[in-house]
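Chemist: Below are the sequence and a predicted model for it; my questions follow.
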Amino acid sequence: MRFHHAALILALILGWNAMAHSQDAPRPPSDVIAVDQPNDVGNTVDVSWSLSPDDRADVSPRLVTRYDVYRRAVGEEEFVKVGDQPPGASTLADSNAVRDTEYLYQVVAVGPDEAESAPAAAAATVVPRMEYFRRDRAWFAVIVFCICSTVVAFIVIARSGRELYIRKIPGLEAVDEAVGRATEMGRDCLFVPGIMDINDIQTVAGINVLSRVSQLTAEFGARLEVPTARSLVMTAARETVEASYYAAGRPDAYNEDDIYYISDEQFGYVAGAMGAMVRERPAACFYMGVFYAESLLLAETGNSIGAIQVAGTAMPAQLPFFVAACDYTLIGEEFFAASAYLSGEASQLGSLRGQDVGKLLVAFLLLVGCSAATIAGLTDSDSAETALTFIKDHVLGDKGFLP
Amino acid sequence: MYTFLRDLDRRWIFLLMGIVATVPILAGWRFPEDPSPMVRDVFHAIEDLPDGSRIFMAYDYDPASQGELHPMALAFTRHCALKGHKLYFFTLWPQGGPLIQQNIRLIERNFPDYEYGEDYVNLGYRSGQEGPIKVIVTDLRKSVAVDVNGTSLSEIPMTRDIRNIQQMDLIVNVSAGYPGTKEWVLYASTPYNIETVAGCTGVSAPYLYPYYPEQLAGILGAIKAAAEYEYTLIEEYPQLKDDPTAQEALRRMGPQLVAHVTLIVLIIVGNTIYFVGRSRGDVT
Amino acid sequence: MKRTVPLIIAGTVGFVLIVSYFIPYTESWGEDAMTWFNILAAIAFVLGAGNLVKMHLKKISDQQAGWGYSAITLAAFFFTLIVGMLKIGVTPSEKYPTNAWAGPYDQAGSAFRWVYDYLFLPLSATMFAMLAFYIASAAFRAFRAKNVEAIALLTTAFIVLLGRTYAGVWLTDWIPEESIGLEADALRLDNVTGTIMNTFNLAGMRAITIGIALGVASTSLKVLLGVDRSYLGSTDD
């Protein structure tokens, strides 16, 4: 009987030790693979592994609290920790590797109280290499090249003096009409170039339209006020308006102070611009550039003072507000086209034609993609399925130029 | 009556809107929600991650949009903390810093076990619009060398081994505009395959829907989606049922309902005036 | 010269940014270009602040209409600038307790934070909230069923306005999930709203976005190639 008790106690102690051991040091992960990350500068290695059998979400507290990933360069003695991942995670991108160095990776499962499993090493070493071209963006490069070369080709054709048919943009006459009306009424014009800085291409397009508007105000003798939300936009707008007044032979009418900075803060700027509208009561208001929530605030205030309003923006979310509250709105790409159209220069009109051909190209690609998807969906055609997979994985995906 | 309505000063409409929005706030009206599939996707993107995952909380909004976006930001923070995730707060909006601190206060009040530096860190604001995204996606320390208190990232346990945000398991972005979700998708999520969910203002939501579900795992559009998210959160974590701070968006659905109905009434009245005017020859 | 140098800078930096997207080795060049722009934009703040002060001082000295607002603007500007720069009310950080200015400028309890919490925050929220009133007046004034397109727009607006609230559920909750073998609950207002937003609206947005992308590409190319120089103040060199 005494022997039995002793055996039971011994078994309990041994069992407890075994349990304690399994709680402290989890079993190691397996199948560790380290591969060079493609399309990078040669500083990243993707490490993946199969989870430790002790890494189970249904056990509480968890027997694996994290995975530590180590590496050593071939020729070095010690492994260095490069990162860790929470339980359940089985990948880590080591983006701190040195190009063209051979590494060996190992992963350790860590349990409660920092007890580490035996390390699981990758079967093979890995050498991170630099790629000279991002193959995953090859198709994107092709599309960019096609569209850019189309635009450049038409600019060259236009410069050579050949007549190009350019589509009419409805609403553009409104710019001339609005300035004319303001002049007749003896009131000002207000131009709001959006709330973004000059590095936004919409602001540049807005400044291009400003060039035309200021030319008209110089010719008609109307006052033009331009409140800006960015210092750099103020400087660019001053240069543009001054050049227009000089070109119109009215340098005396140019007043630098009419183009002024209010605030970078969105609603601070809007409050300032709305205040100017209510006090000065301009007869024509132009909103050309990037707009957010302030679009309706500006347009409704302009409406309340009875101004004729023309807006242009490529902010899809704000277009409905401008369409509802303004007299004319240049929608999306029309806005960019307008800046070329208004300039009247042959080379700029050529770019507009190039833009249209680009649209045709995109429409064609859409048609090809949709047809392939439709045919693959409705029939068992292998070729349609192959085409669809190619489009998804290679043209739109990141699997490179060719299979 | 026709003449009165035709020449109605817009300030009467402002007054009407003010009154109808105030009543449900004072009365505390609440309505049940039926979470949409997209809201459930957002919820599962956070819920299904292993506990203790790294989440980059990019909170790009300001006091102006606080009314619409703060409830969803708080809900995201609360959900991540309930799951025990590690949170890295960051903002590209100069006015966003104090709003992040309000999120951190929520953690301090409700999750006393959460420790700064171990479980959450405030990386603060970085200037340069989308510029910092392009930098931190390959090299975090090049743009963010220290946290908001000036402590080096190498001295903070949870940032010590972070080289760039590709090591994050999820980006949670709350965006009021530019720079915001679009920039995170363009410069981080898509090129580097980092799973991302977003919350945005109602007006910018349609602009972001094309990114779902390939480039964004889910989008919370406006206060309605935030309310549905809170509802889902309460369903999953019933201990939140009696916590009014976990129902900020649900509380705002009352005024939204009444305001929408008022808008419909105004449109109908406006059209009635238009048609009466046309029959009388006042308008063409 | 005044325009040639900026054109060369714009062209070079633009092409570096394009190239850096495709060639891994040049990735960091694009980041550097962005950093330079940020430095320039930060310096330009001084330009903006200088212009703001000059404009408003002039308005006050000339006693132009609304000069009182100018006085308030200047007072607010200098007050915020001073309390922020001098970190008034900021306690030193725990890490550097002996350095009086070691704490963050927007620390809770500081004067700058007070300005943020009690002036900036409510004022910004007020401006944003004004949208509700402006939308109401625009809805009353501008949404007219003038033609077929406008009627379609109005109908869609009604559905989405209702579908975005509990009203949509309440009004159409009676529609069964299935009827005559069809998924009838697709006709519930909240579901119709989802279909409108995720199908029709999404398709339209995609088309607009593609058009915008092409416009951006075309305009950017014009700028990079120096075809469009109006943003520099002249079409001539």
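Modeler: Perfect, thanks for sending it.

Chemist: hey, let's count contacts and neighbours off CA atoms from now on
Modeler: Will do.

Chemist: other SSEs contacting the longest helix seen in chain C?
Modeler: Under DSSP state H, the helix in chain C containing the largest number of residues is helix C:27-61. Packing contacts for helix C:27-61, counted by 3 or more CA pairs under 8 Å, 6 or more residues apart in numbering or on different chains; DSSP states H and E, involve helix A:231-247, strand A:259-261, helix B:131-136, helix C:4-22, helix C:67-85.

Chemist: Which one of these lies nearest to residue C:177?
Modeler: Nearest of these to residue C:177, taken as CA to CA: helix B:131-136 at 45.5 Å.

Chemist: Can I get that closest one in PDB? Just the C-alpha atoms.
Modeler: C-alpha atoms of helix B:131-136 as PDB (Å, rounded to 0.1, in the frame of the first residue of the first chain):
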ATOM      1  CA  GLY B 131       5.000  61.800 -47.800                       C
ATOM      2  CA  PRO B 132       5.400  60.000 -44.500                       C
ATOM      3  CA  ILE B 133       3.300  57.000 -45.800                       C
ATOM      4  CA  LYS B 134       5.800  56.500 -48.600                       C
ATOM      5  CA  VAL B 135       8.700  56.600 -46.200                       C
ATOM      6  CA  ILE B 136       7.400  54.500 -43.200                       C
END
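
Chemist: That helix and chain A, are they touching?
Modeler: No. Taking CA under 8 Å from any CA of the partner chain as the criterion, helix B:131-136 and chain A are apart, separated by no less than 11.7 Å.

Chemist: distance of the residue most central in space within chain A from residue C:220?
Modeler: For chain A, residue A:200 is the residue whose C-alpha lies nearest the centre (CA atoms, centre = their mean; 12.1 Å). According to CA to CA, to the nearest Å, residue A:200 stands 10 Å off from residue C:220.

Chemist: Please apply the same query to residue B:271.
Modeler: On the measure of CA to CA, residue B:271 and residue C:220 end up 43 Å apart.

Chemist: Domain map for the chain?
Modeler: As the question left the chain open, I've gone with chain A. Per automatic domain parsing, the domain ranges recorded for chain A read A:26-121, A:164-344.

Chemist: look at chain B instead
Modeler: B:2-27+B:256-280, B:37-241.

Chemist: Helices of chain A, start to end?
Modeler: Taking DSSP H as the criterion, chain A carries its helices at A:2-24, A:138-159, A:173-185, A:201-220, A:231-247, A:266-280, A:294-304, A:319-325, A:333-343, A:346-378, A:382-390.

Chemist: what would those helices look like in JSON lines with distance to chain B, mean pLDDT and mean neighbour count?
Modeler: Output for those, formatted as JSON lines (distance: least, CA to the nearest CA, whole Å; pLDDT from 0 to 100; neighbours: other CA atoms under 10 Å in any protein chain shown):
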{"stretch": "helix A:2-24", "distance to chain B": "19", "mean pLDDT": "50", "mean neighbour count": "12"}
{"stretch": "helix A:138-159", "distance to chain B": "12", "mean pLDDT": "89", "mean neighbour count": "18"}
{"stretch": "helix A:173-185", "distance to chain B": "21", "mean pLDDT": "90", "mean neighbour count": "18"}
{"stretch": "helix A:201-220", "distance to chain B": "13", "mean pLDDT": "92", "mean neighbour count": "25"}
{"stretch": "helix A:231-247", "distance to chain B": "14", "mean pLDDT": "92", "mean neighbour count": "24"}
{"stretch": "helix A:266-280", "distance to chain B": "8", "mean pLDDT": "92", "mean neighbour count": "18"}
{"stretch": "helix A:294-304", "distance to chain B": "9", "mean pLDDT": "92", "mean neighbour count": "22"}
{"stretch": "helix A:319-325", "distance to chain B": "10", "mean pLDDT": "87", "mean neighbour count": "22"}
{"stretch": "helix A:333-343", "distance to chain B": "15", "mean pLDDT": "82", "mean neighbour count": "24"}
{"stretch": "helix A:346-378", "distance to chain B": "15", "mean pLDDT": "87", "mean neighbour count": "19"}
{"stretch": "helix A:382-390", "distance to chain B": "16", "mean pLDDT": "89", "mean neighbour count": "16"}
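
Chemist: Which strand residues bridge residue A:308?
Modeler: Note on residue A:308: beta-bridge partners residue A:284, judged by DSSP bridges.

Chemist: Near it, how many other residues are there?
Modeler: 24 (other CA atoms under 10 Å in any protein chain shown).

Chemist: From chain B, how far off is it?
Modeler: Distance of residue A:308 to chain B, given as CA to the nearest CA, to the nearest Å: 18 Å.

Chemist: Report the separation between that residue and residue A:185.
Modeler: From residue A:308 to residue A:185 the distance is 12 Å (CA to CA).
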